[in-house]
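Here is my input, please return the structure:
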Amino acid sequence: MPVILGLPKGSLQDATFNIMRKAGFNVQAGERSYAPSVDDPELQCRLIRPQEISRYVELGLLDAGITGYDWIYENNSDVHEVSEMRYSKATSRPVRWVLAVPNDSPIQGVKDLQGKRIATEAVGLANRYLAQHGVTAEVEFSWGATEVKAPELVDAIIELTETGSSLRANNLRIVDTILTSTTRLIANKKAWADAAKREKIEQLSMLLQGALAAESRVLLKLNVPAAQLETVTEILPALHAPTVNRLNDADWFAVESVVDEKVVRDIVPPLRAAGATGIIELPLKKVIF
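Numbering: from 1, shown residues only. Prediction:
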C-alpha cells in the first residue's frame, strides 16, 4: 500500500511543493484539489490545512504529514516525529507565536492579561500559556485578520509571525514569545511500525533533508598549481575535506568542495590571491549527509 502523505494547504503550500520537487517528487495540484498528483506510485498526497494534519496523522487517516510543530503542540497529537525541516513560507527561520498588544497599551507582560480578552487561532496554546503563569483571561478563537482586532475588539492577540512586519504594520508590539516552531515531518505510530511504510517515510525524510541542506550550499570548483595546493585547501571549507585530483599537467590540481553559499564572497578573493584559477560556483539540488 502506498504511503498517504498530508501536505500543508495555504501559506506553506508553495514552499512545500518546491522542496518536494527538489527532493525528486513532482507534486501538482489544481486550484481546488484535495488529492494532488505525485510521480511516485508508492506515495499518495492529500492537501490539508496544516492545523489539521497532526490530528489526521494521529488517527491513522494519514500515514505521514508535513506540518508545523506549533500545530502538533496545539492539538496535543500523539505522533512520531521523523525529522525537523527548517523552512517556512518566506525564510528558513523558525516562526514564532507571540503575545502582541497595541503600541499604546498598558500591558507589559503576561500578568497584565488578568481579566482581559485575547484573540487567537491557537486557543489551546493560549490557554496553556495563561495556565503556566496563573493568569485567567478570556480567549476567543479568531477566524482570521487577528491583527486588526486589537484594541477595538480585544485587549491582546496571540499570533504567528515570521518577520514581524504584519504586526508592525498594524501598530502592534510584541510583549512575549510563547512558542518557537519549525516544520516537521511526522508519522502515524502504527505506520511507523510497518517496515515497508517506515522505509518509504525514512527515504522521503532523507531526500527532503538533502534538498533543504542544498539550498544554503554551493559547489566550488577550481584549479590550483601544485605549489599553492596546501595554501588553497587551508582556505577552502568543506563538509569533510576538499576533493583534490591531479590534472594531466602534473603541476596542477583540480579542487572542489561543497561550501555554505554565504561564505563564497569572503573566500573567493583570498583563493584567487593564493593562486586558484578557473573558479566556478555551481548550485546544488541535494546534499545527503
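
isn't residue 12 right up against residue 184?
No. Using CB atoms under 8 Å, residue 12 makes no contact with residue 184, being 11.6 Å away. C-beta coordinates here come from the backbone N, C-alpha and C atoms, glycine included.

so what sits against both of these two?
Here residue 12 and residue 184 share the contacting residues 66, 68, scored by CB atoms under 8 Å, 6 or more residues apart in numbering.

now the helices for the stretch 101-250 of the chain?
Remark: helices assigned in the stretch 101-250 of the chain by DSSP state H, counting those that start in this stretch are 123-132, 165-169, 189-193, 195-215, 229-235.

Looking at those helices, which is nearest to residue 104?
Evaluated over the helices of the stretch 101-250 of the chain, closeness to residue 104 peaks at helix 165-169, with 14.3 Å, by CB to CB.

Next, the buried residues of the closest one.
If you call a residue buried by 16 or more other CB atoms under 10 Å, then helix 165-169 has these buried ones: residue 167.

Also stretch 28-45?
Quick answer for stretch 28-45 (16+ other CB under 10 Å): 29, 36, 38, 40, 43-45.

swap in stretch 68-87?
Per 16+ other CB under 10 Å, stretch 68-87 contains these buried residues: 68-75, 77, 79-80, 82-83, 85, 87.

got it, and stretch 264-281?
267-268, 271, 274-276, 279.

Could you give the separation of that stretch from the chain centroid?
On the basis of CA atoms, centre = their mean, to the nearest Å, stretch 264-281 sits 31 Å off its chain's mean C-alpha point.

what residues are up against the nearest residue to residue 205 once chain neighbours are set aside?
Computed as CB to CB, 6 or more residues apart in numbering, the closest residue to residue 205 that is not its neighbour in sequence is residue 83, at 4.6 Å. Taking CB under 8 Å, 6+ apart, we find residue 83 in contact with 184-185, 205, 208-209.

just those residues now: which is nearest residue 5?
Within the contacts of residue 83, the smallest distance to residue 5 is 9.0 Å, found for residue 185 (CB to CB).

so what are the domain limits for this structure?
The chain breaks down by automatic domain parsing into domains covering 3-90+183-214, 95-180, 217-283.

still on that earlier bit, switch the contacts of residue 83 over to CSV; also include pLDDT, neighbour count and distance to residue 57.
Formatted as CSV, those follow (pLDDT from 0 to 100; neighbours: other CB atoms under 10 Å; distance: CB to CB, whole Å):
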residue, pLDDT, neighbour count, distance to residue 57
184, 96, 21, 10
185, 98, 21, 10
205, 97, 18, 14
208, 96, 25, 16
209, 96, 22, 19
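
Which one of those is nearest to residue 4?
Nearest to residue 4 among the contacts of residue 83, with distances taken as CB to CB, is residue 185, at 13.7 Å.

thinking again about what came up before, can you redo the helices of the stretch 101-250 of the chain as CSV with distance to residue 248?
Shown next, in CSV, are the helices of the stretch 101-250 of the chain (distance: least, CB to CB, whole Å):
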stretch, distance to residue 248
helix 123-132, 63
helix 165-169, 55
helix 189-193, 52
helix 195-215, 31
helix 229-235, 16
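
what's the least confident stretch among those helices?
Mean pLDDT across the helices of the stretch 101-250 of the chain is lowest at helix 165-169; the value there is a mean of 90.

From what I see, residue 101 and residue 175 are in contact.
Yes. Between residue 101 and residue 175 there is a contact under CB under 8 Å: 5.7 Å.

More neighbours: those two, which one.
Under the criterion of other CB atoms under 10 Å, the comparison of residue 101 against residue 175 puts residue 101 first, with 23 against 19.

Show me what the more buried one is bridged to.
residue 173 (DSSP bridges).

what sits against it?
Residue 101 touches 107, 150-151, 155-157, 172-173, 175, counting by CB under 8 Å, 6+ apart.

Filter the buried residues of stretch 264-281 down to the ones in helices?
267-268, 271 (DSSP state H).

Export the residues you listed as a markdown table, with columns for distance to residue 231.
What follows is these, written out as a markdown table (distance: CB to CB, whole Å):
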| residue | distance to residue 231 |
| --- | --- |
| 267 | 12 |
| 268 | 15 |
| 271 | 9 |
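
circling back to that earlier point, quick check: strands, which of the buried residues of stretch 68-87 are part of them?
If you go by DSSP state E, the buried residues of stretch 68-87 have 68, 80, 82-83, 85 in strands.

If we ignore the residues flanking it in sequence, what's nearest residue 256?
residue 221 (4.5 Å).

and the gap between that neighbour and residue 130?
Computed as CB to CB, to the nearest Å, the residue 221 to residue 130 distance reads 56 Å.
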